[in-house]
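1. Provide a 3D model corresponding to the input given below.
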Amino acid sequence: MNKFISIIIPVYNEVDSIKDLYAEIIKVIHIYNKYEIIFIDDGSSDNSVGVIRGIASDDNRVKLVRFYKNFGKADALSEGFMISKGDYIITMDADLQDDPAEIPNLINKLDDGWDMVSGWKKNRKDPLEKKIPSKLFNKVTCLLTGVNIHDFNCGLKGYRKEVIKSIELYGGLHRYIPALAKQMGYTVSEIIVNHRERKFGETKYGGARYFHGFFDLLTVLFLGSYLRRPLHFFGKLGLIMFLGGIGISTYLTVGWFNGIWIGDRPIFFLGILLIILSVQFFSIGFLGDIVVKLVGQNKNRVLEIFSREED
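-> As a prediction, the model looks like this:
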């Protein structure tokens, strides 16, 4: 096995889990000659940074990336993707619910030729109030994105390097990485993974994430179809409104020539409104095209990158 393996772990207030997680990872990853473990501390307020720093001081294959505040999981993964050196990249959560023993299974699936492999927590060890919304979320996402997997939000995933270097994450888009990968032409599969009960701490995600997830899904669908051509999206809406406004205006004009007064008719104002809105949508589309071509995004989030130098 000559592949370089990168393991990326977002961390937010998981001080009690980190040492156990590291020990479990080492038990399964030592069979690979080249690997790195990247902990992304997402602004933890406990001693997670201190624990990771201690591990990294003793093991030069461990890196700590520390954010100066809590940006969220998508940004943590994005930073990990950016600095990772691996041919294969494995992501997992830091709360010990994801089982490191599944890492070789993900790697084997990537060896079979898949570009991305997502874990499926088929026997999920979470309360019912989390399972039911999650199932609904996955069904809707599968239907709308066309990606036929059961668990979009599983932390355990494996990627080829080409995939993670092509995907841009922000907000809550980490939930939709399989959809983003498929939109870019990569192959996506899944395997059933072991899911464990939480031993320490509390979940960092409340019910609001499903509400936010709906808007993130709309973003993914929009980006997949219109990212590089926003005028096609806004232009369609503008054209519909323009045709509606012109149709109403034409109808009223014909009536006016036949002696029908139009100044106090509500439909007259509707026609004007539709034409004005059509111009605004066309303008938004043109501006969107300009932004796509000219504007970049500042991504400076990192406070520190720490790892022990090679002896």
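
2. residue 158 and residue 40: what is the separation?
-> 17 Å (Cβ to Cβ, to the nearest Å). To be clear about C-beta, it is placed using only N, CA and C from the backbone, and glycine gets the same treatment.

3. tell me which stretches of this structure form strands.
-> Assigned by DSSP state E, the chain shows strands spanning 4-11, 34-41, 62-67, 88-91, 116-120, 157-160, 188-192, 302-306.

4. and the helices in the stretch 51-200 of the chain, which stretches?
-> Remark: helices assigned in the stretch 51-200 of the chain by DSSP state H, counting those that start in this stretch are 73-83, 103-111, 128-145, 161-164, 177-183.

5. now the last one: average pLDDT?
-> Averaging pLDDT along helix 177-183 gives 88.

6. mind listing residues that contact it?
-> Contact partners of helix 177-183, identified using Cβ atoms under 8 Å, 6 or more residues apart in numbering, comprise 115-116, 118, 141, 145-147, 149, 152, 157, 159, 163, 167, 169, 173, 188, 220, 223-224.

7. figure out the length between the terminal residues of stretch 166-184.
-> One end of stretch 166-184 to the other measures 8 Å (Cα to Cα, to the nearest Å).

8. for the helices of the stretch 51-200 of the chain, which one ends up most surrounded?
-> The densest packing among the helices of the stretch 51-200 of the chain, expressed as mean neighbour count by mean count of other Cβ atoms under 10 Å, is seen in helix 177-183 with a mean of 23.

9. distance from the chain centre to that helix, please.
-> A distance of 9 Å separates the centroid of the chain from that of helix 177-183, by Cα atoms, centre = their mean, to the nearest Å.

10. picking up where we left off before, want to throw the strands of the chain into JSON lines with mean neighbour count, distance to residue 267 and mean pLDDT?
-> Shown next, in JSON lines, are the strands of the chain (neighbours: other Cβ atoms under 10 Å; distance: least, Cβ to Cβ, whole Å; pLDDT from 0 to 100):
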{"stretch": "strand 4-11", "mean neighbour count": "25", "distance to residue 267": "55", "mean pLDDT": "96"}
{"stretch": "strand 34-41", "mean neighbour count": "24", "distance to residue 267": "57", "mean pLDDT": "95"}
{"stretch": "strand 62-67", "mean neighbour count": "23", "distance to residue 267": "55", "mean pLDDT": "95"}
{"stretch": "strand 88-91", "mean neighbour count": "27", "distance to residue 267": "56", "mean pLDDT": "96"}
{"stretch": "strand 116-120", "mean neighbour count": "25", "distance to residue 267": "52", "mean pLDDT": "94"}
{"stretch": "strand 157-160", "mean neighbour count": "27", "distance to residue 267": "54", "mean pLDDT": "96"}
{"stretch": "strand 188-192", "mean neighbour count": "18", "distance to residue 267": "50", "mean pLDDT": "94"}
{"stretch": "strand 302-306", "mean neighbour count": "13", "distance to residue 267": "57", "mean pLDDT": "71"}
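
11. determine which of these approaches residue 99 most closely.
-> Closest approach to residue 99 among the strands of the chain (Cβ to Cβ): strand 116-120, 9.2 Å.

12. that closest one to helix 128-145, inter-axis angle?
-> Relative orientation of strand 116-120 with respect to helix 128-145: 150 degrees, computed using axes from the mean of the first three to the mean of the last three Cα atoms, to 10 degrees.

13. shift numbering so it begins at 49
-> Right, with 49 as the first residue, what we last looked at is strand 164-168.

14. can I get strand 164-168 as PDB, trimmed to CA atoms?
-> What follows is strand 164-168 as a C-alpha-only set of coordinates in PDB (Å, rounded to 0.1, in the frame of the first residue of the first chain):
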ATOM      1  CA  MET A 164     -15.700   9.200  -2.900                       C
ATOM      2  CA  VAL A 165     -17.100   6.900  -0.300                       C
ATOM      3  CA  SER A 166     -19.700   8.000   2.300                       C
ATOM      4  CA  GLY A 167     -20.400   6.100   5.500                       C
ATOM      5  CA  TRP A 168     -24.000   4.900   6.300                       C
END
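
15. residue 201 contacts residue 185, doesn't it?
-> Yes: shown here, residue 201 and residue 185 form a contact pair, counting by Cβ atoms under 8 Å, at 7.4 Å.
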